[in-house]
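Colleague: this is the structure alone, sequence omitted:
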C-alpha cells in the first residue's frame, strides 16, 4: 500500500544541487511527488511503497551533494495524494527566511576541465560554474535562492544553457548562475579613463601582458576587485605599496598551483587541505629555508612581506583567476582593491574613481556584485584550522548556539567589524567589513547591516552593541529605535569562543587584546573573567599602566614602553638614556611625555596585554613605531625564530583590591620587566627575550587558572592570533589538567565580537 512522506530539510541545501539530487533519487526509486525551495529550506513531498520511502529517507543524507549539509530533517508519513510523477516545483517565497545562504564556492574540478578543454563550448570562459561551485553569497539578493533573486537575473540563458538547466541528468540542473559565452557575463579591459581596450579572451591576454610588464591591474573577481602585480617584480610591488599607502603590511599572494607553493613555503598536509579546500582562504605559511646548493624556487619580491617569516598564500578560486594564473605561470600579488583601511571596490565605475592613481588598467566584468566579500584568512594552530578573517568561503554560514533567541541584530565592535543577525538558535555572521574609521568603511557597515536584515527579513526585537559609548557601531545601535542592550567587550570575546566550541555553563575566560572599554571606564585588555549564564565576574587582571598620548600609543610601541617604565622609575625616567625607548624621543618630547604621565593628562590607564607586547617589543629593540595594527606584537613573536627555551621571567600575583569590596587578583608584571631589563643590560638577544616573555604570559595563565580552580578555560582576543602564545598556553594548561578551548570557525579578534554579543544575551535570557 502506498504512503506519502513529507520532509522539511534545513541547512545548506540551496545553491548546491540539492533539488536536482532529490529529483534523481526519487525517480530512480520510482517515487512520485515534488520538491521545492522555500525560505525555510527544502520541502519534499514524495509517495510510493513504504520500503521505497524508507530507502529514500536513508539514502538522502548518505548521498547528498558534497557542498550541502543537513542541520535538521523533519519527517512525517501521511495519506497519499495521488501524484503521477516527480517534479521540481517553483520556489515558495512565503514565511520568514531560515534557509542557509551558501558562501561563494571555488571552481570545481569538472568545471576546470571544461575551461581548459579547447573542444568545450566553455573553453576559457571566466564565468563557468555548476551546482557544485561558483558565486552564491556575492550574487544573492533575497531568498529563496533562485536566479530571479540574484544579480544573474538580467542574463537570459541561451537555448543550450536552458536545456542544461532543465535536464535532471546534467550537473547544471537548476544551477542558478549558469551561463556560457553566448548568454552570460563578459570581461573587458579598460584604461584608467574607463575606455574599453579589449573584450572577451583578448581582454584576458592583454591584462596578462600588462602584468608581465610590471603594470598594476585591478581585476574584478567574485566579491570585489584585487590589485594584481607580478610577485617577482620588486619595483612593481614597491610601486603598489606606495600608491596603495600600505607601507609594510604583508601582501597576499596567489599561486597557480599548490605544488608551486611548496617551493617557497613549508606546507603540512592539513595546510595543503586548507589551501585546496572549496573555501580557498589565504593561508599563513612558514617560508622555507633553502638547503645549500638547492635550486631556488620563485624569487619573490622582498617587499611582499618584510620582516615576516610567513607568507599569506591562496590558490585561484574563480575561473577568471584560473585562466590568468595558468597563462602567467608565476605567482602574483593579489591584494584587496582599495586604499588601506577601506572596503574593497565592487563596482567598476567606483573602482575607476577610488583606485585612480593606483591601477594602470582595469579588467572588469558586467556581473554585478551584491556585497563586497574579501578573501578569508586562516592558519593551522595545534593541528586544526583557525579562521583569522571570516569572509569569502565562510560567510554567511551560521553558528548554532545552545539557546533559542528572538530575532536580534548585533553590530560588533569598531575594528575588524562584522555584524550578525540571529533567528531561533542560528547566528548568521556577515563577512569581514573592516575598521569603521573611514567614510567608505562606515558606508559598507551600514549597507551590510541593512542587507543582512533584509536577506533574512529580520525585524530586530533587540539590538546589541559594545559597551564603548563612542564606537560608531554603538551609535548605530542606539539610533535604530529598537530596544538596545550592551555587552562588555571582553565578555563578548569569551562568549564568542564558547559559542564557537559549543560550550555553556561556567568557564574561566582569558580575554587578551589591545583595547576594550571596561566596566570602570578604563581600557581593559588583560582580563580573566569567570562566566556563567548570569554574566561574568572579573577575577583577575594585569597591573595597569598609562598610555602617554592615548591612541597615539597604539601606533608607537615606544610610548607604551614609556608608560610601563614610568611605573618603575617615575620622574627618574627622564635621565634613563640607557633605555632604548627613552632614547627614541628627543629631550623636549621626552619632557612633554613625562609631564603628561606625571599630571595624568591624556594618559589613559590600561591593562592591555596587546600594549604590553608593544612595550616589550620596544624595550627589546624589535619595533618602535608600527606601520600597521599589531606589527610590534607580530614581530616580537617572529623574533622567537627557533628558540626552544622553556625559561620564563618571574611575576607576582596579588589581591590588591580586597579593601575596595570588589576583590580580584592582579598580575604584577614588574618582576618580569626587571628581568627583561637585566637581560638587555647583559646583551641578551631579542629572540631570547621574546621567547621568555611569551613563556611568561603562558605561565601567568596557568597560575591564575590554578588559583581560580575552574577546570574549563577559554582563550580569546586578538593576542591569541599569536601561534606561539596559543600553543604554549594550551600545552601548559593541558599539562596542568585543564580542558582548554580556543577559536576555530570564528576569529579570536574583534571579528567574533558580534557572535559573542548575541550569545551573551542568549545565555542571560535563558535564565529569565
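Modeller: Perfect, thanks for sending it. This structure is a prediction, so every number in the text was calculated from the model and none was measured.
Colleague: give the helix, strand or coil label for the residue nearest to residue 539 when sequence neighbours are not counted.
Modeller: Residue nearest to residue 539 in three dimensions, not counting chain neighbours: residue 530, with 4.7 Å by Cβ to Cβ, 6 or more residues apart in numbering. Every C-beta, even on glycine, is put in place using the N, C-alpha and C of the backbone. Following DSSP: H, G, I helix; E, B strand; the rest coil, we place residue 530 in the strand state.
Colleague: neighbours around residue 530, how many?
Modeller: 19 (other Cβ atoms under 10 Å).
Colleague: how close does it get to residue 518?
Modeller: 16 Å (Cβ to Cβ, to the nearest Å).
Colleague: ok, now residue 674?
Modeller: 27 Å.
Colleague: same question, residue 752
Modeller: Between residue 752 and residue 518 the computed distance is 19 Å (Cβ to Cβ).
Colleague: and the closest residue to residue 224 other than its chain neighbours, which helix or strand is it part of?
Modeller: With sequence-adjacent residues excluded and distances taken as Cβ to Cβ, 6+ apart, residue 224 is closest to residue 344, at 3.3 Å. For residue 344, there is no enclosing helix or strand under DSSP states H and E.
Colleague: was I right to think residue 344 contacts residue 334?
Modeller: No: judged on Cβ atoms under 8 Å, residue 344 makes no contact with residue 334 at a distance of 11.7 Å.
Colleague: how long is stretch 260-280 end to end?
Modeller: Using Cα to Cα, to the nearest Å, the end-to-end distance of stretch 260-280 comes out at 16 Å.
Colleague: give the rounded mean pLDDT of stretch 284-292.
Modeller: In this model, stretch 284-292 has a mean pLDDT of 83.
Colleague: all helices of the stretch 251-400 of the chain, in order?
Modeller: 258-261, 269-275, 319-328, 348-354 (DSSP state H, counting those that start in this stretch).
Colleague: which is the next helix or strand following the longest strand seen in the chain?
Modeller: Taking DSSP state E as the criterion, the chain has its longest strand at strand 398-410. Next in sequence after strand 398-410, counting helices and strands by DSSP H and E, comes strand 420-429.
Colleague: which other residues reach that next one?
Modeller: With contacts defined as Cβ atoms under 8 Å, 6 or more residues apart in numbering, strand 420-429 is touched by 96, 98, 390, 395-396, 398-405, 407-410, 412, 418-419, 430, 452-453, 456, 458, 460, 499, 746, 754-755, 757-759, 762.
Colleague: what's across from the residue nearest to residue 539 in the sheet?
Modeller: Taking DSSP bridges as the rule, residue 530 bridges to residue 508, residue 537.
Colleague: contact partners for it?
Modeller: 506-509, 536-537, 539, 708, 710.
Colleague: could you check how far stretch 225-244 is from the centre of its chain?
Modeller: On the basis of Cα atoms, centre = their mean, to the nearest Å, stretch 225-244 sits 24 Å off its chain's mean C-alpha point.
Colleague: buried stuff in that stretch?
Modeller: 225-234, 236-237, 239-241, 243-244 (16 or more other Cβ atoms under 10 Å).
Colleague: give me the subset of those that lies in helices.
Modeller: 234, 236-237, 239-241, 243-244 (DSSP state H).
Colleague: thinking again about what came up before, need the contacts of residue 530 in TSV (columns: pLDDT and distance to residue 634).
Modeller: Listed next are the contacts of residue 530 as TSV, based on pLDDT from 0 to 100; distance: Cβ to Cβ, whole Å:
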residue	pLDDT	distance to residue 634
506	95	33
507	97	28
508	98	27
509	98	24
536	96	29
537	95	32
539	96	29
708	96	30
710	96	31
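Colleague: ok, and the most crowded of those?
Modeller: residue 509 (27 neighbours).
Colleague: list the helices and strands the longest strand of the chain packs on?
Modeller: On a contact count with 3 or more Cβ pairs under 8 Å, 6 or more residues apart in numbering; DSSP states H and E, strand 398-410 meets strand 420-429, strand 462-466, helix 489-500, helix 753-765.
Colleague: out of those, which one sits most buried?
Modeller: Burial of the helices and strands packed on strand 398-410 is given as mean neighbour count (mean count of other Cβ atoms under 10 Å); helix 489-500 ranks first at a mean of 29.
Colleague: measure how buried residue 647 is and give me the count.
Modeller: 11.
Colleague: got a list of what it touches?
Modeller: Counted by Cβ under 8 Å, 6+ apart, residue 647 has contacts 691-692, 695.
Colleague: pull up the per-residue confidence for it.
Modeller: Note for residue 647: predicted pLDDT of 95.
Colleague: can you check the one 10 residues further on too?
Modeller: Looking at residue 657, its pLDDT stands at 54.
Colleague: same question, residue 92
Modeller: In this model, residue 92 carries a pLDDT of 67.
Colleague: re the thing from before, what's the closest of the contacts of residue 530 to residue 29?
Modeller: Of all the contacts of residue 530, residue 29 sits closest to residue 507, with 47.8 Å by Cβ to Cβ.
Colleague: can you verify my assumption that the closest one contacts residue 494?
Modeller: Yes: using Cβ under 8 Å, residue 507 is in contact with residue 494, at 7.2 Å.
Colleague: for residue 583, find the nearest of the helices and strands packed on strand 398-410.
Modeller: helix 489-500 (34.6 Å).
Colleague: and the closest one, what does it pack against?
Modeller: Contact partners of helix 489-500 among helices and strands, from 3+ Cβ pairs under 8 Å, 6+ apart: strand 398-410, strand 507-517, strand 523-532, strand 535-542, strand 712-716, helix 753-765.
Colleague: can you get me a residue count around the closest residue to residue 625 other than its chain neighbours?
Modeller: With sequence-adjacent residues excluded and distances taken as Cβ to Cβ, 6+ apart, residue 625 is closest to residue 556, at 5.4 Å. By other Cβ under 10 Å, the residues close to residue 556 number 23.
Colleague: can you measure across stretch 312-326, start residue to end residue?
Modeller: 20 Å.
Colleague: can you tell me the SS state at residue 218?
Modeller: strand.
Colleague: kindly reformat the helices of the stretch 251-400 of the chain as a markdown table containing mean neighbour count and distance to residue 633.
Modeller: As requested, the helices of the stretch 251-400 of the chain are arranged in a markdown table below (neighbours: other Cβ atoms under 10 Å; distance: least, Cβ to Cβ, whole Å):
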| stretch | mean neighbour count | distance to residue 633 |
| --- | --- | --- |
| helix 258-261 | 18 | 26 |
| helix 269-275 | 17 | 23 |
| helix 319-328 | 21 | 32 |
| helix 348-354 | 17 | 30 |
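Colleague: quick one, what contacts the residue sitting furthest away from the middle of the chain?
Modeller: Relative to the C-alpha centroid of the chain, counting by Cα atoms, centre = their mean, residue 1 is the outermost residue, at 53.1 Å. Residues in contact with residue 1 (Cβ under 8 Å, 6+ apart) are 49-50.
Colleague: gap between it and residue 722?
Modeller: 65 Å.
Colleague: kindly report the same for residue 433.
Modeller: Counting by Cβ to Cβ, the gap from residue 433 to residue 722 is 23 Å.
Colleague: show me what stretch 677-695 is in contact with.
Modeller: 578-580, 616, 619-622, 636-637, 639-649, 672, 675-676, 722, 724-725, 728.
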